[in-house]
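Visitor: Quick one, fold the following:
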Amino acid sequence: MIATIINDCRDDNAAGRQTTRVSAILQCPVNFIGVSSEIEAAGNLIDTLDALEERQGVILVNVAPRHTKAKRWKNGSPFGYFHYKNALIISTIDGLSLSLVKKFKLTGAIHSMDIPRVVEILLEKKYISAQQKDYITNTQFRSFDFLPRIAEYLIKEKEIESEIIPIEEILDMPETIWWVDVFGNCKTTILENELADKNISLKGKQLPYYTRLKDVPDKAPALIVGSSGLGQKRFLEIVVQGGSASTQLNLSIGNKLVH
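Guide: Reported below is the predicted structural model:
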């Protein structure tokens, strides 16, 4: 088994502490993917499931600011879980983190957990001590104190008391850019089979479509089938052959796309 953490607490201190805690509790290798938004988290969740190739794994997703709209929650967005093939996914529910899970139809429902009640169960089942109970319930660092422990429980017990949220209640993912790689290629949330006319409008200009990067003319911007996605469903990417699409076309994560 391998664990993957997808988290916006991504500085060296936070990433190192989370990785060490998850590795210590789950006794398995741990991969860390730092993100800055729910859109990035959603795309990396799909790519991580693809990388697992149906092998056993656990994915822990947490992008949960506590300011502005997030203040409606007592202590950040609720966490939910679901299983996909041999993977256990535990994620914040609010926002767009699970929107590509919805798009790919990976589950029909999310099991939403009430943290105070779940922590009581962890205590009853001797997964935590009485001294840890209140601290874990109110922690400001849930990725470090709560997620590894509920992951351990769900790996062993499979399920815990929860509220069922139909996947239809998760927000739809907009047509946008979810990642910019080191070469400046821009991964979009649009799938190849969704591009009926094989073109996309970007800031009023049409981009030509090519199946492979090698077929794009030098220095030209284009749309290609990228490597990211799951199974036969692959995301389209905006590229510039031999250059950076992000720089040349002034693109960034969250830019709206029209096709």
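Visitor: Against which helices or strands is the lowest-mean-pLDDT helix or strand in the chain packed?
Guide: For the chain, scoring each helix and strand by mean pLDDT, DSSP states H and E identifies strand 200-202 as the least confident one, at a mean of 72. The contact analysis (3 or more CB pairs under 8 Å, 6 or more residues apart in numbering; DSSP states H and E) places strand 200-202 against strand 205-207, strand 233-240. C-beta here means a position set from N, CA and C on the backbone, and glycine is covered the same way.
Visitor: so who does the nearest residue to Arg117 once chain neighbours are set aside touch?
Guide: Excluding its sequence neighbours, the residue lying closest to Arg117 (CB to CB, 6 or more residues apart in numbering) is Glu161, at 6.2 Å. Contacts were defined as CB atoms under 8 Å, 6 or more residues apart in numbering; by that measure Glu161 touches 113-114, 117-118, 121.
Visitor: Could you pull out the helices in the stretch 101-250 of the chain for me?
Guide: Across the stretch 101-250 of the chain, reading from the start of the chain, the helices by DSSP state H, counting those that start in this stretch fall at 115-124, 130-138, 142-145, 147-157, 245-248.
Visitor: where does the protein dip in pLDDT?
Guide: Counting by pLDDT under 70, the chain contains low-confidence residues at 65-76, 196-199, 203-204, 259.
Visitor: That one: strands as residue ranges?
Guide: With DSSP state E, the ranges of strands along the chain come out as 2-7, 30-34, 57-62, 79-84, 87-92, 109-113, 163-166, 177-180, 186-191, 200-202, 205-207, 209-210, 221-230, 233-240.
Visitor: Adding distance to Val101 and mean neighbour count, write those out as CSV.
Guide: What follows is the strands of the chain, written out as CSV (distance: least, CB to CB, whole Å; neighbours: other CB atoms under 10 Å):
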stretch, distance to Val101, mean neighbour count
strand 2-7, 12, 24
strand 30-34, 16, 17
strand 57-62, 10, 26
strand 79-84, 8, 21
strand 87-92, 8, 23
strand 109-113, 8, 20
strand 163-166, 12, 12
strand 177-180, 13, 24
strand 186-191, 12, 23
strand 200-202, 24, 18
strand 205-207, 27, 14
strand 209-210, 27, 18
strand 221-230, 10, 20
strand 233-240, 12, 22
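Visitor: Please convert those strands to a markdown table, extending it with distance to Glu40.
Guide: What follows is these, written out as a markdown table (distance: least, CB to CB, whole Å):
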| stretch | distance to Glu40 |
| --- | --- |
| strand 2-7 | 8 |
| strand 30-34 | 9 |
| strand 57-62 | 11 |
| strand 79-84 | 18 |
| strand 87-92 | 13 |
| strand 109-113 | 20 |
| strand 163-166 | 22 |
| strand 177-180 | 6 |
| strand 186-191 | 10 |
| strand 200-202 | 20 |
| strand 205-207 | 22 |
| strand 209-210 | 25 |
| strand 221-230 | 12 |
| strand 233-240 | 13 |
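Visitor: Might one say that Thr48 is in contact with Ala3?
Guide: No - with contact defined as CB atoms under 8 Å, Thr48 and Ala3 do not form a contacting pair (10.2 Å).
Visitor: overlap in contacts of the two?
Guide: Shared contacts of Thr48 and Ala3, counting by CB under 8 Å, 6+ apart, come down to 31, 57, 59.
Visitor: Nearest to Gly43, out of the residues you listed: which one, please.
Guide: Within the shared contacts of Thr48 and Ala3, proximity to Gly43 (CB to CB) peaks at Ile59, which comes in at 12.8 Å.
Visitor: State the distance from Trp179 to Ala109.
Guide: Distance of Trp179 to Ala109, computed by CB to CB, to the nearest Å: 27 Å.
Visitor: quick one, which of the helices and strands packed on strand 200-202 is nearest to Ile165?
Guide: In this view, the helices and strands packed on strand 200-202 are compared for proximity to Ile165 by CB to CB, and strand 233-240 is the closest at 23.5 Å.
Visitor: Mind listing residues that contact that closest one?
Guide: Counting contacts by CB under 8 Å, 6+ apart, the residues outside strand 233-240 that touch it are 43, 104, 177-178, 184-193, 195, 200, 202, 207, 213, 216, 219-229, 245, 248-249, 251.
Visitor: Right, I'll call it a day here.
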